[in-house]
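> Everything below, folded, please.
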Amino acid sequence: MKITTSFLHLEHTPALDEKIHETSEKLAKFFKDKGTVKWSCYVKNGQHFAEIFYHAPQCEYHAKAVSENMYYSIDLALEKIEKQASKKKNKYNKIHRDHAEMVILDPEAAWSDYAGYFDEEDVA
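Predicted coordinates for the structure are as follows:
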């Protein structure tokens with residue numbers, strides 16, 4: 001996973017960089033290390049903003065969070081992205097899981113379709 005960070009009106013510290021990389025690694029469970037993550041962190045009117053853009057071949061996610069603390073803003077943005085990814089994953093699984101079920105209402109009629117393929121000893 002490629003991680004890009006940008007800072008505006010904010011000092012780039014190793015601790016903040018470590019927090020961003022640690023937080024981005026949590027996204028690997030949803031995306032399997034495919035795609036790019038772009039973090040934009042900035043301060044405006046005393047508020048700390050954290051924006052995250054995730055771009056992969058089949059999906060794109062965006063989240064923005066605001067708080068009094070940059071570390072908390074990063075955590076809030078991560079929660080929003082996780083919620084979006086989880087919702088999409090559940091929707092995908094529901095669609096594919098519903099089509100996988102097969103219900104046989106009359107088992108005798110189902111075996112009569114295969115009467116020519118098996119010997120009578122095998123069917124009984």
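> Can you give me the buried ones in whichever strand or helix holds residue 54?
If you go by DSSP states H and E, residue 54 is part of strand 47-55. Across strand 47-55, burial judged by 16 or more other CB atoms under 10 Å covers 48, 49, 50, 51, 52, 53, 54. C-betas here are computed from N, CA, C, even on glycine.
> in the protein, what spans have low per-residue confidence?
By pLDDT under 70, the low-scoring segments of the chain are 33, 96-105, 107-124.
> After the strand holding residue 54, which helix or strand is next?
strand 60-67.
> related to what we said a few turns ago, quick one: strands adjacent to the strand holding residue 54?
When sheet partners are counted by DSSP bridges, strand 47-55 sits next to strand 36-44 (antiparallel), strand 60-67 (antiparallel).
> ok, and what's touching the first one?
Okay, so that is strand 36-44. Contact with strand 36-44 is made by 1-10, 16, 20, 24, 27, 48-56, 70, 73-74, as judged by CB atoms under 8 Å, 6 or more residues apart in numbering.
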